[in-house]
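*Asks:* Could you look at this predicted model? Sequence included:
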There are 2 protein chains.
Amino acid sequence: MNTSMDELLKMLSHHGIQPSFQRLKILEALLERRDHPTVLCIYERVSKDVPTISKTTVYNTLSTFREKGIVTALTVSADEARYDIDTSPHHHLVCRECGAILDINICCEYAVKSEVEGHRVEEVHGYFKGVFKDCVTCEQAQ
Amino acid sequence: MNTSMDELLKMLSHHGIQPSFQRLKILEALLERRDHPTVLCIYERVSKDVPTISKTTVYNTLSTFREKGIVTALTVSADEARYDIDTSPHHHLVCRECGAILDINICCEYAVKSEVEGHRVEEVHGYFKGVFKDCVTCEQAQ
DNA sequence: ATGACTGCAAAATATTTGCATATTC
DNA sequence: GAATATGCAAATATTTTGCAGTCAT
């Protein structure tokens, strides 16, 4: 999928993100690689076009992108973050053998532990993030 | 909850885990602290009874425990692993303010993004682990 | 005696931070 | 010109690894 610079600029401004050449290229890489790339993966992809880019900038940019809601960070692996340009609600299937991550559009019913869309499912992980109704820290902050 | 050494021994052997004083104490700590403790948390708890214990042993033991299925590792945070002695299928709610982790016994329906058992839910994360039906790496291994 | 467990120190890895420079509005 | 973004180097923190000593069967 080829997205024009114009469209990329619009996407950034639509999310209230100040543009820069690096940010455009990182966004472009995310749109091209929709297989939930790692920071290193994005860094290497963008390096081809912007040889001077630093990992720090990739980290900073992805952090900004996440805050502004243009990407989602996956927590499927303990050792490296993965990013998804598709922010619509969906889940993922991580292959134990090859490590690839597939989008899965089913609910995480507990009983599922067997087969999903033909794939063998061995583990079901799920968590929510929010604020406890009786969170003391939260009450202190108010 | 006080679990006798005898019961702890039985739990280990039931899961095919060779016993040791350190392993018994780590298992005991996991049974006492059911709030999904971190490695450091377990290390500090066990250190009170076994001052000579090393973090390496805690890491090794938790890794063994996980392989043998006596604990589950949570991936709710990118920077540190958390362990759960409750291996029954359930999900978790992480509080954005205080960082505590609560057990949640509901399904991860996508629409849920609002309120669960009175708590405010802002994010829904879920992933499965298994083997792709057409995984090349997997076929090679066979 | 053999094999497995322990624990210290060092290494590996991902991510963050400080700060000087460069870029954008 | 002020604010923000970039990128290098150093720092941080978690986890892993190598290896020698210890424990258990």
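*Replies:* Ah, there it is.
*Asks:* okay, CA-based contacts and neighbour counts for the rest of this
*Replies:* Will do.
*Asks:* Kindly point out the strands partnered with the longest strand seen in chain A and how each is oriented relative to it.
*Replies:* The single longest strand within chain A, with elements called by DSSP state E, is strand A:119-131. Paired strands of strand A:119-131, with direction, are strand A:115-116 (antiparallel), strand B:91-95 (parallel), strand B:119-131 (antiparallel) (DSSP bridges).
*Asks:* State the mean pLDDT of the first one.
*Replies:* Okay, so that is strand A:115-116. The average of the pLDDT scores along strand A:115-116 is 84.
*Asks:* And that strand, how far out from the chain middle?
*Replies:* 24 Å (CA atoms, centre = their mean, to the nearest Å).
*Asks:* related to what we said a few turns ago, pull the CA atoms of the longest strand of chain A into CSV?
*Replies:* Extracted C-alpha coordinates of strand A:119-131, given in CSV (Å, rounded to 0.1, in the frame of the first residue of the first chain):
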residue,chain,number,x,y,z
HIS,A,119,-4.9,-22.7,14.5
ARG,A,120,-4.0,-24.5,17.7
VAL,A,121,-4.5,-22.4,20.8
GLU,A,122,-2.5,-23.3,23.9
GLU,A,123,-2.7,-20.2,26.0
VAL,A,124,-5.3,-17.5,26.5
HIS,A,125,-4.0,-14.2,27.9
GLY,A,126,-6.1,-11.2,28.6
TYR,A,127,-6.0,-8.0,30.7
PHE,A,128,-7.7,-4.8,31.1
LYS,A,129,-6.2,-1.4,32.0
GLY,A,130,-8.2,1.2,33.9
VAL,A,131,-8.8,2.6,37.3
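*Asks:* who does the helix or strand hosting residue A:6 touch, helix- and strand-wise?
*Replies:* Residue A:6 is part of helix A:5-14 when elements are defined by DSSP states H and E. With contacts defined as 3 or more CA pairs under 8 Å, 6 or more residues apart in numbering or on different chains; DSSP states H and E, helix A:5-14 has these neighbours: helix A:21-32.
*Asks:* okay, the angle between the helix it packs on and helix A:5-14?
*Replies:* 100 degrees (axes from the mean of the first three to the mean of the last three CA atoms, to 10 degrees).
*Asks:* Whether the helix or strand that helix A:21-32 is followed by contacts DNA strand C - can you check?
*Replies:* Downstream of helix A:21-32, the first helix or strand assigned by DSSP H and E is helix A:39-47. Yes - residues of helix A:39-47 contacting DNA strand C under CA under 7 Å from any atom of the strand: residue A:39.
*Asks:* Tell me the helices and strands packed up against helix A:39-47.
*Replies:* Against helix A:39-47 (3+ CA pairs under 8 Å, 6+ apart) you get helix A:21-32, helix A:55-67.
*Asks:* Give me whichever of the ones you listed is most buried.
*Replies:* helix A:21-32 (a mean of 19; mean count of other CA atoms under 10 Å in any protein chain shown).
*Asks:* Would you mind checking the average pLDDT for that helix?
*Replies:* Mean pLDDT, computed over helix A:21-32, is 97.
*Asks:* CA atoms only for that helix, dumped as PDB, please.
*Replies:* Below are the C-alpha coordinates for helix A:21-32, written out as PDB (Å, rounded to 0.1, in the frame of the first residue of the first chain):
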ATOM      1  CA  PHE A  21      10.500  13.900   8.000                       C
ATOM      2  CA  GLN A  22      11.400  11.200  10.500                       C
ATOM      3  CA  ARG A  23       7.800  10.900  11.800                       C
ATOM      4  CA  LEU A  24       6.400  10.700   8.300                       C
ATOM      5  CA  LYS A  25       8.800   7.900   7.500                       C
ATOM      6  CA  ILE A  26       8.000   6.000  10.700                       C
ATOM      7  CA  LEU A  27       4.300   6.300  10.000                       C
ATOM      8  CA  GLU A  28       4.900   5.100   6.500                       C
ATOM      9  CA  ALA A  29       6.800   2.100   7.800                       C
ATOM     10  CA  LEU A  30       4.000   1.300  10.100                       C
ATOM     11  CA  LEU A  31       1.400   1.400   7.300                       C
ATOM     12  CA  GLU A  32       3.600  -0.800   5.100                       C
END
